[in-house]
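Asks: predicted coordinates and the sequence they were generated for:
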Amino acid sequence: MKVNLRVWRQRGPDSPGEFKNYEAADLNPNMSFLEMLDVVNDRLASRGEEPIAFAHDCREGICGTCCLNINGKPHGPGRAIATCQTYMRSFRDGDTITIEPFRAKPFPILKDLVVDRSAFDRIMQSGGYVSVRTGAAPDGNSIPISKEIADRAMDAAQCIGCGACVAACKNASAMLFVSAKVSQLSLLPQGRPERHRRVLSMVAKMDEEGFGNCTVTGSCAAVCPKEVSLDFITRMNRDYLAALMHEAVGRAAGKEGGAG
Amino acid sequence: MKLEAKTPPGPLAEKWKRHQGSIKLVSPNNKRRYEVIVVGTGLAGASAAASLSELGYRVKAFCFHDSARRAHSIAAQGGINAAKNYQNDGDSVYRLFHDTIKGGDFRAREANVHRLAEVSVRIIDQCVAQGVPFAREYGGLLANRSFGGAQVSRTFYARGQTGQQLLLGAYSALCKQVGSGAVQLFPNTEMLDLVLIDGQAKGIITRNINTGAVERHAADAVILATGGYGNVFNLSTYARGSNATAIWRAYRRGAGFANPCFTQIHPTCIPVRGDYQSKLTLMSESLRNDGRCWVPKKQADHRPPGQIPEDERDYYLERMYPAYGNLAPRDIASRAAKRVCDEGRGVGTSGLGVYLDFSDSINRLGLKTIKERYANLFDIYHEITGEDAYQAPMRIFPAVHYTMGGLWVDYNLMSNVPGLFVLGEANFSDHGANRLGASALMQGLADGYFVIPYTIGDYLASVKPGTTPKTDAAAFTTAEKETQERVQRLLSIRGKRNVSYFHKQLGKILWDGCGMARNQAGLEKALQAIPELRAEFWKDVNVLGESLSMNQSLEVAHRVADFLELGEVMCMDALTRTESCGCHFREESQEAGECKRDDERFAHAAVWEFKGDGQKPERHTESLNYEFTTLATRSYK
């Protein structure tokens, strides 16, 4: 098969970018989208043009590295898959395919189709963990957790940190990403002692990094390769409110003067 | 080369405890005066970096990924073993130890493997405490499943994403330490050389993938947790970025490389479809719990699977290995698949495939249960092949999946280079000649959480605190210069062939000569072809772009250049080991199609020492003594 590519090329973070057109002929419909780009890159290199930079690693939809916006949709036409799980059979012979990087202010473009998503790591570092030291843990079966709760936590934990939710959102909101981690840990008894602190801190960091707010359009969940549910945002909003109240009560108690 | 295993004396079950009680410690207020570099942030690296910084060491953690959450540990699907015996089915630390030693075909060090089994139980506790959402039963307790090479149910899992959940647990521990300023994290940073001062590992040279800047980093000890080298085959289940550069550069600086020919070929992967293909996808071994492997009894039987009647099917694993059936270990199951395909009974257009059939299990347990257990795997299969495995059997074929070989380490996980520690898949220590399923996650986390935090102290206690070298030391200048020269050399060739050409060629040479079955003629042929290919690479490779910017072709060129050296040593190792053991099947050494070990001559780890470019590396050995197990012929019949 043959497709025409419109690809965003940008030399570096501070250079202007532009779309370039490439014809990609002699493709096999069973190629993955990234394998198609490999082939295109090989051909570019053979004629002395620098290959298109794009992020990828595991190529099986779990590492969260790949991040292409294909025809205006993060991760392309499929549902519940990452870019690397998109196959050329999803396109028609002769199609024109527009490939852009994930676009969001907190994800600056580094080169061509590669963006910097380190803001996600900084949000995680602000509280996306249970503070347990190595070696201090009790027996794994000492805290029974109902299957329903464990399964629900797992639904949230599936997030691969790819950033498609941000790229799809008109506000570049990171609420789906943050709520997935907040919910996973607040659902489980292990994460409950820190739940108030965690949600306040992660939300504050999210705002500081420049992610927008949530207006519940649901475009994030629609493109999420792991189908993380919008319900977790609701859940996080509740957790956040509870944490604010908890904090307010704590402050009031402090003013009255406790036992010290 | 001095290879002192430093295995502690005493009864097997007492060794680790006694060792912990007797090795040197670093006092709490001195720990912050030591700098430790950790390269790699997969399970082993992230858990080590987090745990060491919790102890008070100053830690710098490096990964080439854009985030510390992306290492390929994340792709492990099936599970993690631990000798909890929650199922009351007779499991014990000893049994896990014995299964692992036997599974490795008696080519691993007893004391290391026993320690691994001992600490396995604490790993589960640690991960549960971090909030890893393991599968649970309705009563709220942890669930288990069985895995290949074991007759007990000791595998813990989180849907089909166990590796991801464990890695996110370790990543979250690392995030906690980074957030508090205790760990300095360097993502997008690839190690390109190891720096030795007076024979001790004292730092690394790195290249920033985003900017191209080559940098120096000094420390009192260097830990490599950079994973395996299976991508030497080009096509494998590894992530595309997985590479051997860190361990290979360490080898070139004097670290011994042990058993490089021990490469695991996983039996259940989606078959190759075309020459454009960039990677092979694993279908978790856990599928063999409920899937049955078969091929037609007749050769070249091209009927659709549903039209082949039961009595014309050969459930070859059940036939050949009745005691373990479809749960035979990986090396055995892979070779059996190869054998039936070699007989002309393979399925699919290439004839290189076997069926993995779930229809019996679906009839017995219902579609809902099978979906609950494996839905994501069936989804992956569907995405890649466009086929529905609930309706027709999957087609699978073996693929390169893991490397048991790696840098040689002693009981403390230190290489023969003082101050250089190696963890996880990057070392050679625990799996012998074949790794059992669900044991890689166990080893990565054991090394990082529960071994290195103790054993590194034994080395650092002998290093004067506060003597971390400065990065302007001569050794750093020389190493950085060499790295810069190599970068320039790669960029200046501007030949006619792309890097991918060389990688594909190398992969083909190795798959044919040093793959699932090996023989003298094939290995000698590979040993002739690889140096020729390497010479062609350095003459004719085409790497475009510049050094001081993101340059993905340059990144890959570095890695492939190292693979072109490593592949040769793999073949030398395979050629010298004239026995068959585990994954290493020398056709000259077999008995009724099974591995024939030669314990008299080969009950040892072969450790290769770099002797300079163009020189043959020297082969050393560490003899393996089996005090607590009997060297038996491995039988799964």
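Replies: Structure's in. What do you need?
Asks: the lengthiest helix in chain A: which residues count as buried?
Replies: Ranked by residue count under DSSP state H, the longest helix found in chain A is helix A:231-256. Neighbour-count burial for helix A:231-256, counted by 16 or more other Cβ atoms under 10 Å in any protein chain shown, picks out A:F232, A:I233, A:R235, A:M236, A:N237, A:D239, A:Y240, A:A243. From N, CA and C alone the C-beta is placed, and that goes for glycine too.
Asks: ok, so of those, who is nearest B:L490?
Replies: Using Cβ to Cβ, A:F232 is the member of these that sits closest to B:L490, with 46.1 Å.
Asks: which elements pack onto the helix or strand of chain B with the lowest mean pLDDT?
Replies: In chain B, no helix or strand scores lower on mean pLDDT, DSSP states H and E than helix B:367-385, which sits at a mean of 88. Contacting helix B:367-385 under the criterion 3 or more Cβ pairs under 8 Å, 6 or more residues apart in numbering or on different chains; DSSP states H and E is no other helix or strand.
Asks: could I get the buried residues of helix A:231-256 in a markdown table, plus columns for distance to chain B?
Replies: Listed next are the buried residues of helix A:231-256 as a markdown table, based on distance: Cβ to the nearest Cβ, whole Å:
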| residue | distance to chain B |
| --- | --- |
| A:F232 | 14 |
| A:I233 | 19 |
| A:R235 | 15 |
| A:M236 | 16 |
| A:N237 | 21 |
| A:D239 | 15 |
| A:Y240 | 19 |
| A:A243 | 18 |
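Asks: quick check, nearest of those residues to B:A592?
Replies: Nearest member of these to B:A592, counting by Cβ to Cβ, is A:F232, at 56.3 Å.
Asks: contact partners for the closest one?
Replies: A:A156, A:L176, A:S179, A:A180, A:V182, A:S183 (Cβ atoms under 8 Å, 6 or more residues apart in numbering or on different chains).
Asks: and it, how far from A:S183?
Replies: A:F232 sits 4 Å away from A:S183, going by Cβ to Cβ, to the nearest Å.
Asks: kindly report the same for A:I99.
Replies: For A:I99, the distance to A:S183 - Cβ to Cβ - is 33 Å.
Asks: those two: who's more crowded?
Replies: A:S183 (28 against 22; other Cβ atoms under 10 Å in any protein chain shown).
Asks: and the gap between the more buried one and chain B?
Replies: Relative to chain B, A:S183 is positioned 11 Å away (Cβ to the nearest Cβ, to the nearest Å).
Asks: A:M236 is in contact with that residue, correct?
Replies: Yes: when contacts are counted by Cβ atoms under 8 Å, A:S183 is listed as touching A:M236 (6.2 Å).
Asks: excluding its backbone neighbours, what's nearest B:R601?
Replies: In space, and not counting its chain neighbours, B:R601 is closest to B:E579: 6.9 Å by Cβ to Cβ, 6 or more residues apart in numbering or on different chains.
Asks: how many residues are close by the one you found?
Replies: 21.
Asks: just A:P29 next, same as before
Replies: Residues near A:P29, counting by other Cβ under 10 Å: 14.
Asks: need the pLDDT of it.
Replies: Listed pLDDT for A:P29 reads 93.
Asks: center of chain A - which residue?
Replies: Centroid check for chain A by Cα atoms, centre = their mean gives A:G163 as the closest residue, at 2.5 Å.
Asks: and the stretch 201-350 of chain B, which residues reach chain A?
Replies: Proximity of the stretch 201-350 of chain B to chain A is confined to B:N210, B:A239, B:R240, B:G241, B:R273, B:G274, B:Y276, B:Q277, B:S278, B:K279, B:T281, B:L282 under the rule Cβ under 8 Å from any Cβ of the partner chain.
Asks: got the contact list for the fourth one?
Replies: If I follow you right, that is B:G241. Contacts of B:G241 (Cβ under 8 Å, 6+ apart): A:H56, A:D57, B:F64, B:H65, B:H72.
Asks: what do you get for the fifth one?
Replies: Contact analysis of B:R273 by Cβ under 8 Å, 6+ apart lists A:N30.
Asks: give me the residue from chain A nearest chain B.
Replies: A:P144 (2.9 Å; Cβ to the nearest Cβ).
Asks: give me phi/psi at B:R534?
Replies: phi -60, psi -40 (degrees, to the nearest 10).
Asks: so it sits against B:E565, correct?
Replies: Yes: counting by Cβ under 8 Å, B:E565 is a contact partner of B:R534 at 7.0 Å.
Asks: tell me the contacts of residue 203?
Replies: Picked chain A for this. Counted by Cβ under 8 Å, 6+ apart, A:V203 has contacts A:V178, A:M236, A:Y240.
Asks: you looked at the wrong chain, it should be chain B
Replies: B:37, B:194-195, B:197, B:216-219, B:222, B:469, B:471, B:475-476.
Asks: kindly report the same for B:I80.
Replies: Contacts of B:I80 by Cβ under 8 Å, 6+ apart are B:I123, B:I124, B:C127, B:T155, B:F156, B:Y157, B:T162, B:L166, B:A438, B:L441, B:M442, B:L445.
Asks: which of the contacts of B:G203 fall within strands?
Replies: B:I37, B:L194, B:V195, B:I197, B:R216, B:H217, B:A218, B:V222 (DSSP state E).
Asks: those, buried ones only, as a PyMOL selection?
Replies: Buried members of the ones in strands among the contacts of B:G203, defined by 16+ other Cβ under 10 Å, are picked up in PyMOL with:
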select buried, chain B and resi 37+194+195+216+217+218+222
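Asks: mind listing residues that contact stretch A:36-47?
Replies: Against stretch A:36-47 from outside (Cβ under 8 Å, 6+ apart): A:3, A:5, A:22, A:24, A:27, A:31, A:50-52, A:54, A:88, B:276, B:278, B:498, B:500, B:542, B:544, B:553.
Asks: same question, stretch B:9-26
Replies: Residues contacting stretch B:9-26 (Cβ under 8 Å, 6+ apart): B:7-8, B:34, B:93-94, B:97, B:110-111, B:114-115, B:118-119, B:411-412, B:454-455, B:457-458, B:460-462, B:465, B:627-628.
Asks: do stretch A:100-108 and chain B meet at all?
Replies: No: applying Cβ under 8 Å from any Cβ, one finds that stretch A:100-108 is not in contact with chain B, the shortest distance being 10.7 Å.
Asks: for the stretch 1-150 of chain B, what spans make up the helices?
Replies: For the stretch 1-150 of chain B, the helices defined by DSSP state H, counting those that start in this stretch cover B:15-22, B:28-31, B:43-55, B:93-103, B:110-130.
Asks: which helix or strand contains B:C293?
Replies: strand B:292-296 (DSSP states H and E).
Asks: what sits against B:K297?
Replies: Counting by Cβ under 8 Å, 6+ apart, B:K297 has contacts B:E312, B:R313, B:D314, B:R345.
Asks: correct me, but the second one touches B:K298?
Replies: The reference is to B:R313. No: assessed by Cβ under 8 Å, B:R313 is found out of contact with B:K298, at 10.0 Å.
Asks: now the helices for the stretch 1-150 of chain A?
Replies: Going by DSSP H, counting those that start in this stretch, the stretch 1-150 of chain A shows helices at A:33-46, A:118-125, A:147-157.
Asks: which parts of the last one are buried?
Replies: Residues of helix A:147-157 classed as buried by neighbour count (16+ other Cβ under 10 Å): A:K147, A:I149, A:A150, A:D151, A:R152, A:A153, A:M154, A:D155, A:A156, A:A157.
Asks: among those, which one lies nearest to B:L510?
Replies: The closest of the buried residues of helix A:147-157, once distances to B:L510 are taken by Cβ to Cβ, is A:A157, at 37.3 Å.
Asks: what is the helix or strand hosting A:Q184 packed up against?
Replies: Using DSSP H and E, A:Q184 falls within helix A:175-187. Contact here means 3+ Cβ pairs under 8 Å, 6+ apart; on that basis helix A:175-187 packs against helix A:118-125, helix A:147-157, helix A:164-168, helix A:195-208, helix A:219-223, helix A:231-256.
Asks: what's the average pLDDT for the longest one?
Replies: If I follow you right, that is helix A:231-256. pLDDT averaged over helix A:231-256 gives 92.
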